[in-house]
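Asker: Take this sequence and fold it.
(one chain, ligands or ions: 1)
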Amino acid sequence: MSYLKIESIQKTYQNDKPAIVDFSLEIPKGQIISLIGESGSGKSTLLRIIAGLESKNSGEVFLGEEKILTPKEKLVPGYDEIQLVFQEYHLYPNSTVEENIGRPLIQYDKAYKKKRIDELLKLLGLDAFSTKLPRQLSGGQQQKVAIGRALSLEPQVILLDEPFSSLDTIQRRELIVELKTIFKQLEVTVIFVTHDLDDALQMTDSLVLMHKGKLLQKGSPESIFEKPKNLYAAKLFSHLNIVSEKPRTYIRPSDIQLFKSVGLAGKVLEKQYLVHYNQLNVRLENGAEWLVEDKKRMFELGEKVCLRWDEKKEISF
Ligand code: ADP
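Answerer: The predicted structure follows:
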(Lines give C-alpha, C1' and ligand atoms only; values in the text may rest on other atoms or scores of the structure.)
Protein backbone atom coordinates (compact mmCIF):
# COMPACT_ATOMS: atom_id res chain seq x y z
CA MET A 1 0.00 0.00 0.00
CA SER A 2 1.50 3.26 -1.08
CA TYR A 3 1.25 6.05 1.42
CA LEU A 4 2.80 9.14 -0.13
CA LYS A 5 1.72 9.30 -3.74
CA ILE A 6 3.16 11.83 -6.16
CA GLU A 7 1.25 11.85 -9.44
CA SER A 8 2.53 13.42 -12.67
CA ILE A 9 3.78 16.66 -11.14
CA GLN A 10 4.57 19.41 -13.61
CA LYS A 11 6.05 22.70 -12.47
CA THR A 12 7.38 25.67 -14.41
CA TYR A 13 8.40 28.88 -12.67
CA GLN A 14 7.43 31.99 -14.62
CA ASN A 15 9.27 32.45 -17.93
CA ASP A 16 11.57 29.55 -17.25
CA LYS A 17 12.24 26.04 -18.44
CA PRO A 18 10.28 23.36 -16.53
CA ALA A 19 11.65 22.69 -13.01
CA ILE A 20 9.66 19.43 -12.59
CA VAL A 21 8.63 17.28 -15.54
CA ASP A 22 5.92 14.62 -15.21
CA PHE A 23 7.28 13.33 -11.90
CA SER A 24 5.51 10.36 -10.29
CA LEU A 25 6.55 8.32 -7.28
CA GLU A 26 4.86 6.19 -4.64
CA ILE A 27 6.43 5.67 -1.23
CA PRO A 28 5.05 3.10 1.23
CA LYS A 29 4.49 4.16 4.84
CA GLY A 30 7.63 4.13 6.94
CA GLN A 31 10.02 3.85 4.01
CA ILE A 32 13.12 6.03 3.78
CA ILE A 33 14.22 7.02 0.28
CA SER A 34 17.10 9.16 -0.90
CA LEU A 35 16.46 11.58 -3.74
CA ILE A 36 19.71 12.32 -5.51
CA GLY A 37 20.42 14.90 -8.15
CA GLU A 38 22.80 17.68 -9.00
CA SER A 39 22.06 21.26 -8.04
CA GLY A 40 19.16 22.69 -10.04
CA SER A 41 17.58 19.31 -10.84
CA GLY A 42 14.35 20.28 -9.05
CA LYS A 43 14.74 18.47 -5.72
CA SER A 44 13.82 21.40 -3.44
CA THR A 45 10.92 22.42 -5.65
CA LEU A 46 9.55 18.87 -5.48
CA LEU A 47 9.84 18.77 -1.67
CA ARG A 48 8.05 22.12 -1.33
CA ILE A 49 5.25 20.86 -3.60
CA ILE A 50 4.93 17.67 -1.52
CA ALA A 51 4.75 19.77 1.64
CA GLY A 52 1.99 21.94 0.15
CA LEU A 53 4.23 25.01 0.21
CA GLU A 54 4.61 25.55 -3.54
CA SER A 55 2.18 25.83 -6.44
CA LYS A 56 2.32 23.42 -9.40
CA ASN A 57 1.04 23.47 -12.97
CA SER A 58 -0.52 20.03 -12.83
CA GLY A 59 -0.43 16.71 -11.00
CA GLU A 60 -1.41 15.76 -7.46
CA VAL A 61 0.15 14.71 -4.17
CA PHE A 62 -1.72 12.41 -1.79
CA LEU A 63 -0.87 11.48 1.77
CA GLY A 64 -2.95 8.35 2.27
CA GLU A 65 -6.42 9.45 1.10
CA GLU A 66 -5.77 13.14 1.72
CA LYS A 67 -5.04 15.37 -1.25
CA ILE A 68 -2.30 17.89 -0.51
CA LEU A 69 -3.47 21.40 -1.32
CA THR A 70 -1.25 24.17 -2.68
CA PRO A 71 -0.78 27.53 -0.91
CA LYS A 72 -3.45 29.04 -3.19
CA GLU A 73 -5.97 26.41 -2.13
CA LYS A 74 -5.36 26.51 1.61
CA LEU A 75 -5.66 29.39 4.07
CA VAL A 76 -2.60 28.37 6.07
CA PRO A 77 -0.17 26.69 3.67
CA GLY A 78 1.53 23.48 4.70
CA TYR A 79 0.60 20.51 6.86
CA ASP A 80 1.54 19.43 10.39
CA GLU A 81 1.76 15.86 9.06
CA ILE A 82 4.47 16.80 6.54
CA GLN A 83 7.55 18.54 7.92
CA LEU A 84 10.35 20.01 5.86
CA VAL A 85 13.85 20.34 7.39
CA PHE A 86 16.52 22.49 5.71
CA GLN A 87 20.25 22.97 6.01
CA GLU A 88 19.73 26.35 7.68
CA TYR A 89 17.97 25.24 10.80
CA HIS A 90 16.78 28.66 12.02
CA LEU A 91 16.76 27.81 15.71
CA TYR A 92 15.74 30.58 18.07
CA PRO A 93 19.13 31.73 19.38
CA ASN A 94 17.84 32.94 22.75
CA SER A 95 15.66 29.90 23.42
CA THR A 96 16.94 26.73 25.04
CA VAL A 97 17.01 23.34 23.35
CA GLU A 98 13.73 22.30 25.00
CA GLU A 99 12.06 25.60 24.14
CA ASN A 100 13.14 25.25 20.52
CA ILE A 101 11.82 21.69 20.28
CA GLY A 102 8.55 22.65 21.97
CA ARG A 103 7.90 25.76 19.84
CA PRO A 104 5.37 24.12 17.46
CA LEU A 105 3.45 22.74 20.47
CA ILE A 106 2.40 26.18 21.66
CA GLN A 107 -1.33 25.37 21.46
CA TYR A 108 -1.08 22.09 23.36
CA ASP A 109 -1.64 21.73 27.09
CA LYS A 110 1.36 22.03 29.37
CA ALA A 111 1.51 18.43 30.56
CA TYR A 112 1.36 17.00 27.02
CA LYS A 113 3.94 19.50 25.82
CA LYS A 114 6.38 18.55 28.57
CA LYS A 115 5.86 14.84 27.96
CA ARG A 116 6.43 15.21 24.21
CA ILE A 117 9.56 17.36 24.67
CA ASP A 118 11.01 14.87 27.17
CA GLU A 119 10.34 11.99 24.76
CA LEU A 120 12.09 13.79 21.93
CA LEU A 121 15.07 14.87 24.05
CA LYS A 122 15.54 11.25 25.04
CA LEU A 123 15.02 9.90 21.52
CA LEU A 124 17.59 12.32 20.11
CA GLY A 125 20.06 11.86 22.96
CA LEU A 126 19.77 15.53 23.88
CA ASP A 127 18.58 15.12 27.52
CA ALA A 128 21.80 16.53 28.90
CA PHE A 129 21.51 19.64 26.73
CA SER A 130 17.87 20.58 27.38
CA THR A 131 18.67 23.93 29.01
CA LYS A 132 21.55 24.88 26.70
CA LEU A 133 21.28 27.53 24.01
CA PRO A 134 21.85 26.60 20.34
CA ARG A 135 25.26 28.33 20.23
CA GLN A 136 26.47 26.04 23.03
CA LEU A 137 25.91 22.99 20.80
CA SER A 138 27.86 21.45 17.93
CA GLY A 139 26.49 21.75 14.39
CA GLY A 140 25.26 18.16 14.48
CA GLN A 141 23.45 18.70 17.78
CA GLN A 142 21.85 21.88 16.47
CA GLN A 143 20.59 19.99 13.45
CA LYS A 144 19.17 17.35 15.81
CA VAL A 145 17.27 20.08 17.67
CA ALA A 146 15.82 21.23 14.32
CA ILE A 147 14.77 17.66 13.57
CA GLY A 148 13.34 17.34 17.10
CA ARG A 149 11.28 20.46 16.43
CA ALA A 150 10.04 18.95 13.15
CA LEU A 151 9.15 15.70 14.96
CA SER A 152 7.30 17.45 17.79
CA LEU A 153 3.97 17.45 15.94
CA GLU A 154 4.25 13.71 15.26
CA PRO A 155 4.44 14.11 11.47
CA GLN A 156 3.80 11.20 9.12
CA VAL A 157 6.36 12.46 6.63
CA ILE A 158 9.73 14.14 7.06
CA LEU A 159 11.34 15.84 4.07
CA LEU A 160 15.05 16.48 4.58
CA ASP A 161 16.43 19.06 2.14
CA GLU A 162 20.23 18.61 2.22
CA PRO A 163 20.09 19.08 6.00
CA PHE A 164 23.62 17.96 6.75
CA SER A 165 25.61 19.87 4.14
CA SER A 166 27.12 22.27 6.65
CA LEU A 167 28.47 19.48 8.88
CA ASP A 168 31.86 17.86 8.49
CA THR A 169 32.05 14.30 7.16
CA ILE A 170 32.39 12.52 10.50
CA GLN A 171 29.58 14.50 12.17
CA ARG A 172 27.42 13.93 9.11
CA ARG A 173 27.92 10.18 8.95
CA GLU A 174 27.26 9.75 12.69
CA LEU A 175 24.12 11.84 12.54
CA ILE A 176 22.76 9.99 9.49
CA VAL A 177 23.20 6.61 11.17
CA GLU A 178 21.56 7.88 14.38
CA LEU A 179 18.61 9.48 12.59
CA LYS A 180 18.01 6.47 10.41
CA THR A 181 17.42 4.38 13.55
CA ILE A 182 15.09 7.02 14.98
CA PHE A 183 13.06 7.34 11.77
CA LYS A 184 12.68 3.56 11.59
CA GLN A 185 11.57 3.46 15.22
CA LEU A 186 8.94 6.16 14.60
CA GLU A 187 7.83 4.53 11.31
CA VAL A 188 7.92 7.92 9.69
CA THR A 189 8.14 8.18 5.89
CA VAL A 190 11.28 10.06 4.87
CA ILE A 191 12.56 11.66 1.69
CA PHE A 192 16.23 12.53 2.12
CA VAL A 193 17.45 14.94 -0.54
CA THR A 194 21.16 15.01 -1.21
CA HIS A 195 23.65 15.43 -4.03
CA ASP A 196 26.06 13.08 -2.23
CA LEU A 197 25.73 9.40 -3.12
CA ASP A 198 27.70 8.26 -0.06
CA ASP A 199 25.36 10.15 2.27
CA ALA A 200 22.39 8.63 0.47
CA LEU A 201 23.78 5.12 0.84
CA GLN A 202 24.38 5.65 4.56
CA MET A 203 20.70 6.53 4.97
CA THR A 204 18.98 3.93 2.80
CA ASP A 205 19.22 1.49 -0.08
CA SER A 206 16.18 2.95 -1.87
CA LEU A 207 17.45 5.51 -4.33
CA VAL A 208 15.64 7.84 -6.68
CA LEU A 209 17.74 9.74 -9.22
CA MET A 210 16.47 13.05 -10.45
CA HIS A 211 17.88 14.83 -13.48
CA LYS A 212 16.62 18.04 -15.11
CA GLY A 213 13.30 17.80 -13.28
CA LYS A 214 12.65 14.20 -14.30
CA LEU A 215 12.78 10.94 -12.40
CA LEU A 216 15.68 9.29 -14.16
CA GLN A 217 15.92 5.96 -12.34
CA LYS A 218 14.91 4.37 -9.07
CA GLY A 219 15.92 1.19 -7.30
CA SER A 220 18.63 -0.31 -5.15
CA PRO A 221 22.24 0.93 -5.43
CA GLU A 222 23.21 -2.47 -6.89
CA SER A 223 20.58 -2.33 -9.62
CA ILE A 224 21.49 1.22 -10.65
CA PHE A 225 25.23 0.49 -10.44
CA GLU A 226 24.89 -2.59 -12.65
CA LYS A 227 22.31 -1.26 -15.08
CA PRO A 228 22.48 2.53 -15.09
CA LYS A 229 19.89 4.06 -17.38
CA ASN A 230 22.29 6.52 -18.96
CA LEU A 231 25.74 8.03 -18.65
CA TYR A 232 24.59 10.49 -15.97
CA ALA A 233 23.30 7.68 -13.71
CA ALA A 234 26.46 5.64 -14.32
CA LYS A 235 28.80 8.52 -13.50
CA LEU A 236 27.15 9.07 -10.16
CA PHE A 237 28.92 5.96 -8.90
CA SER A 238 32.36 6.41 -10.44
CA HIS A 239 34.45 7.75 -13.27
CA LEU A 240 34.02 5.88 -16.57
CA ASN A 241 36.78 5.13 -19.07
CA ILE A 242 35.78 5.16 -22.73
CA VAL A 243 36.44 1.86 -24.52
CA SER A 244 37.55 3.35 -27.83
CA GLU A 245 36.99 0.44 -30.21
CA LYS A 246 33.34 0.10 -29.18
CA PRO A 247 30.78 2.88 -29.56
CA ARG A 248 29.23 4.25 -26.33
CA THR A 249 30.94 1.62 -24.18
CA TYR A 250 32.66 2.30 -20.87
CA ILE A 251 34.56 0.52 -18.12
CA ARG A 252 34.83 1.58 -14.47
CA PRO A 253 38.31 2.06 -12.92
CA SER A 254 37.46 -0.47 -10.18
CA ASP A 255 36.81 -3.17 -12.82
CA ILE A 256 40.28 -2.95 -14.39
CA GLN A 257 43.21 -5.16 -13.30
CA LEU A 258 46.80 -4.00 -13.72
CA PHE A 259 49.69 -6.13 -15.01
CA LYS A 260 53.33 -5.60 -15.92
CA SER A 261 53.26 -7.15 -19.39
CA VAL A 262 49.90 -8.56 -20.56
CA GLY A 263 46.97 -6.40 -21.64
CA LEU A 264 46.23 -3.00 -23.12
CA ALA A 265 49.49 -1.10 -22.67
CA GLY A 266 49.84 2.42 -21.34
CA LYS A 267 52.15 4.70 -19.39
CA VAL A 268 51.57 6.17 -15.90
CA LEU A 269 51.14 9.94 -16.29
CA GLU A 270 50.00 10.76 -12.76
CA LYS A 271 49.83 8.95 -9.45
CA GLN A 272 47.57 9.98 -6.59
CA TYR A 273 47.72 8.31 -3.17
CA LEU A 274 44.16 7.54 -1.97
CA VAL A 275 43.11 5.62 1.14
CA HIS A 276 42.48 2.23 -0.50
CA TYR A 277 44.64 2.45 -3.64
CA ASN A 278 46.83 4.67 -5.77
CA GLN A 279 44.77 6.32 -8.48
CA LEU A 280 46.73 6.32 -11.72
CA ASN A 281 46.14 8.41 -14.80
CA VAL A 282 47.34 6.21 -17.64
CA ARG A 283 47.95 7.28 -21.25
CA LEU A 284 47.11 4.44 -23.63
CA GLU A 285 48.95 3.90 -26.91
CA ASN A 286 46.02 5.39 -28.83
CA GLY A 287 46.44 8.62 -26.84
CA ALA A 288 43.37 8.16 -24.59
CA GLU A 289 43.78 8.82 -20.86
CA TRP A 290 42.21 6.40 -18.38
CA LEU A 291 41.86 6.39 -14.62
CA VAL A 292 42.71 3.05 -12.96
CA GLU A 293 43.12 1.79 -9.39
CA ASP A 294 46.53 0.43 -8.38
CA LYS A 295 45.40 -1.51 -5.30
CA LYS A 296 48.84 -3.00 -4.60
CA ARG A 297 50.58 0.37 -5.13
CA MET A 298 53.00 -1.26 -7.60
CA PHE A 299 53.35 1.28 -10.39
CA GLU A 300 55.44 4.45 -10.50
CA LEU A 301 55.29 7.56 -12.67
CA GLY A 302 56.49 6.95 -16.23
CA GLU A 303 56.26 3.18 -15.88
CA LYS A 304 54.55 0.88 -18.38
CA VAL A 305 51.29 -0.63 -17.13
CA CYS A 306 49.02 -3.15 -18.87
CA LEU A 307 45.26 -3.17 -18.35
CA ARG A 308 42.80 -6.05 -18.53
CA TRP A 309 39.13 -6.36 -17.68
CA ASP A 310 36.21 -8.71 -18.02
CA GLU A 311 34.09 -7.67 -21.00
CA LYS A 312 30.98 -8.50 -18.98
CA LYS A 313 31.80 -5.51 -16.78
CA GLU A 314 31.63 -3.09 -19.68
CA ILE A 315 28.71 -0.67 -19.64
CA SER A 316 27.04 0.20 -22.97
CA PHE A 317 24.19 2.54 -23.74
P1 ADP B 1 17.64 21.63 -6.56
O2 ADP B 1 16.96 21.59 -5.24
O3 ADP B 1 17.78 20.27 -7.18
O4 ADP B 1 18.92 22.39 -6.55
P5 ADP B 1 15.58 23.55 -7.30
O6 ADP B 1 14.26 22.92 -7.09
O7 ADP B 1 16.08 24.51 -6.28
O8 ADP B 1 16.66 22.40 -7.59
O9 ADP B 1 15.55 24.31 -8.70
C10 ADP B 1 15.06 23.73 -9.91
C11 ADP B 1 14.99 24.80 -10.99
O12 ADP B 1 13.98 25.75 -10.65
C13 ADP B 1 16.26 25.58 -11.17
O14 ADP B 1 16.43 25.89 -12.52
C15 ADP B 1 16.02 26.83 -10.35
O16 ADP B 1 16.75 27.93 -10.85
C17 ADP B 1 14.53 27.05 -10.52
N18 ADP B 1 13.92 27.70 -9.34
C19 ADP B 1 13.92 27.23 -8.08
N20 ADP B 1 13.22 28.04 -7.26
C21 ADP B 1 12.79 29.08 -8.03
C22 ADP B 1 12.00 30.27 -7.79
N23 ADP B 1 11.53 30.54 -6.57
N24 ADP B 1 11.75 31.08 -8.82
C25 ADP B 1 12.20 30.79 -10.09
N26 ADP B 1 12.93 29.71 -10.38
C27 ADP B 1 13.22 28.86 -9.38
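Asker: Just the buried positions in stretch 261-275, please.
Answerer: Of the residues in stretch 261-275, those buried under the neighbour-count criterion (16 or more other C-beta atoms under 10 Å) are Leu264, Gly266, Lys267, Val268, Lys271. From N, CA and C alone the C-beta is placed, and that goes for glycine too.
Asker: what's the neighbour count on the nearest residue to the first one once chain neighbours are set aside?
Answerer: In space, and not counting its chain neighbours, Leu264 is closest to Leu307: 4.6 Å by C-beta to C-beta, 6 or more residues apart in numbering. The number of residues packed near Leu307 is 20, by other C-beta atoms under 10 Å.
Asker: Which helix or which strand is home to Leu307?
Answerer: Taking DSSP states H and E as the criterion, the element that holds Leu307 is strand 304-309.
Asker: what's whichever helix or strand comes after that strand in contact with?
Answerer: Scanning forward in sequence from strand 304-309, with DSSP H and E defining helices and strands, the next element found is strand 315-316. By C-beta atoms under 8 Å, 6 or more residues apart in numbering, the surrounding residues in contact with strand 315-316 are Pro228, Ala234, Leu240, Lys246, Arg248, Thr249, Tyr250, Ile251, Arg252.
Asker: related to what we said a few turns ago, in strands only, show me the buried residues of stretch 261-275.
Answerer: With strands defined by DSSP state E, the entries of those inside them are Leu264, Gly266, Lys267, Val268, Lys271.
Asker: which residues touch the third one?
Answerer: Put plainly, it is Lys267. Residues counted as contacts of Lys267 (C-beta under 8 Å, 6+ apart) are Val282, Arg283, Gly302, Glu303, Lys304, Val305.
Asker: who does the helix or strand where the second one lies pair up with?
Answerer: Meaning Arg283. Counting by DSSP H and E, the secondary-structure element that holds Arg283 is strand 278-284. Counting by DSSP bridges, the strands paired with strand 278-284 are strand 264-273 (antiparallel), strand 289-294 (antiparallel).
Asker: ranges for the strands of the stretch 151-300 of the chain?
Answerer: If you assign secondary structure with DSSP state E, counting those that start in this stretch, the strands in the stretch 151-300 of the chain sit at 157-161, 189-194, 207-211, 214-219, 241-242, 249-251, 256-259, 264-273, 278-284, 289-294.
Asker: Can you add distance to the ligand and mean pLDDT and give those back as JSON lines?
Answerer: Below are these laid out as JSON lines (distance: least, C-beta to the nearest ligand atom, whole Å; pLDDT from 0 to 100):
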{"stretch": "strand 157-161", "distance to the ligand": "7", "mean pLDDT": "96"}
{"stretch": "strand 189-194", "distance to the ligand": "7", "mean pLDDT": "96"}
{"stretch": "strand 207-211", "distance to the ligand": "7", "mean pLDDT": "97"}
{"stretch": "strand 214-219", "distance to the ligand": "12", "mean pLDDT": "98"}
{"stretch": "strand 241-242", "distance to the ligand": "28", "mean pLDDT": "96"}
{"stretch": "strand 249-251", "distance to the ligand": "26", "mean pLDDT": "97"}
{"stretch": "strand 256-259", "distance to the ligand": "33", "mean pLDDT": "98"}
{"stretch": "strand 264-273", "distance to the ligand": "30", "mean pLDDT": "98"}
{"stretch": "strand 278-284", "distance to the ligand": "29", "mean pLDDT": "98"}
{"stretch": "strand 289-294", "distance to the ligand": "27", "mean pLDDT": "98"}
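Asker: Pretty sure Leu280 sits against Phe299.
Answerer: Yes: in this structure Leu280 lies within contact range of Phe299 using C-beta atoms under 8 Å: 6.1 Å.
Asker: With distance to Leu46 as new columns, can the strands paired with strand 278-284 be given to me in a markdown table?
Answerer: Conversion of the strands paired with strand 278-284 to a markdown table gives the following (distance: least, C-beta to C-beta, whole Å):
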| stretch | distance to Leu46 |
| --- | --- |
| strand 264-273 | 37 |
| strand 289-294 | 33 |
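Asker: Spit out the contact partners of the residue sitting nearest the centre point of the chain.
Answerer: Central residue check for the chain by C-alpha atoms, centre = their mean: the C-alpha nearest the mean position is that of Thr194, 3.0 Å away. Taking C-beta under 8 Å, 6+ apart as the criterion, Thr194 is in contact with Ser34, Leu35, Ile36, Glu162, Phe164, Ala200, Met203.
Asker: Adding neighbour count, write the contacts of strand 315-316 out as CSV.
Answerer: Listed next are those as CSV, based on neighbours: other C-beta atoms under 10 Å:
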residue, neighbour count
Pro228, 21
Ala234, 19
Leu240, 18
Lys246, 12
Arg248, 10
Thr249, 16
Tyr250, 21
Ile251, 21
Arg252, 21
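Asker: now those residues in JSON lines, with distance to Pro93?
Answerer: Listed next are these as JSON lines, based on distance: C-beta to C-beta, whole Å:
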{"residue": "Pro228", "distance to Pro93": "45"}
{"residue": "Ala234", "distance to Pro93": "45"}
{"residue": "Leu240", "distance to Pro93": "47"}
{"residue": "Lys246", "distance to Pro93": "59"}
{"residue": "Arg248", "distance to Pro93": "54"}
{"residue": "Thr249", "distance to Pro93": "56"}
{"residue": "Tyr250", "distance to Pro93": "50"}
{"residue": "Ile251", "distance to Pro93": "52"}
{"residue": "Arg252", "distance to Pro93": "47"}
